[in-house]
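1. below are the sequence and a predicted model for it; my questions follow.
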Amino acid sequence: EAGVVQSPRYKIIEKKQPVAFWCNPISGHNTLYWYRQNLGQGPELLIRYENEEAVDDSQLPKDRFSAERLKGVDSTLKIQPAELGDSAVYLCASSLPPGYEQYFGPGTRLTVT
Amino acid sequence: GQNIDQPTEMTATEGAIVQINCTYQTSGFNGLFWYQQHAGEAPTFLSYNVLDGLEEKGRFSSFLSRSKGYSYLLLKELQMKDSASYLCAVRGANQAGTALIFGKGTTLSVSS
């Protein structure tokens, strides 16, 4: 069974530029999460989807971050414009119902210069 | 507030036993997870506790005491490949349902 797929794996952009990350969850997993992990820290939830619906986006900086999960499968996380402080690893995870074990993708390492 | 504490770093030698502690204070509790994360890789699931007591899975065991807000991960017969960061995470409860709150991780270095 394929795991959670993310792309790109690495991205380097200049500040004020836009960037987008893509995630394909494990087939059949209705719940999808986007986390941000800063160096030396644990992952922090940005947004959680149940199918197409964003049910927890309280930690998403909505002035510059947006996300979508069309058709309840793939998801895209966008930052526009990026700031230096956005440099981090962006992890996507998926699970069966939200209480189940979360499976993480390899992440996208973003560097903003 | 929400707070999860675990030691920043630990060292051990091959073949030894190491215990990584985690204390938590969260608004609501619906289970505690341990994840392993090798440098530059995604976290991978190790264990899950929702009731008090010890859960054993091969060389790894995890313990939970809900009354004390305390858990530990026990790693036996350490191997070099166990060098990694170990993340304690609590599934709390908020208006939207469930959320996984992670600690900062404990970096374990295993030497020969």
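-> Thanks, I have the structure now. Numbers count the residues shown, from 1 in each chain, chains lettered A, B, ... in the order given.
2. and the closest residue to B:Leu51 other than its chain neighbours, how far is that from B:Phe102?
-> The shortest distance from B:Leu51 to any non-neighbouring residue, by CB to CB, 6 or more residues apart in numbering or on different chains, is to B:Leu64 (7.1 Å). C-beta coordinates here come from the backbone N, C-alpha and C atoms, glycine included. Separation of B:Leu64 from B:Phe102 (CB to CB, to the nearest Å): 16 Å.
3. which ones are touching the one residue in chain A that gets nearest to chain B?
-> Chain B sits closest to A:Gly42 of chain A, with a gap of 3.0 Å, by CB to the nearest CB. By CB atoms under 8 Å, 6 or more residues apart in numbering or on different chains, A:Gly42 lies in contact with B:Ile4, B:Leu87, B:Ala89, B:Phe102, B:Gly103, B:Lys104, B:Gly105.
4. ok, so of these, who is nearest chain A?
-> B:Phe102 (3.0 Å).
5. tell me how far B:Leu75 lies from B:Thr106.
-> For B:Leu75, the distance to B:Thr106 equals 11 Å [CB to CB].
6. again with B:Phe60
-> Taking CB to CB, one finds B:Phe60 at 14 Å from B:Thr106.
7. looking at the two, which one has more neighbours?
-> Between B:Phe60 and B:Thr106, counting by other CB atoms under 10 Å in any protein chain shown, B:Thr106 is the more crowded of the two (20 against 17).
8. can you give me phi and psi for the more buried one?
-> Note on B:Thr106: its backbone torsions stand at phi -120, psi 120 [degrees, to the nearest 10].
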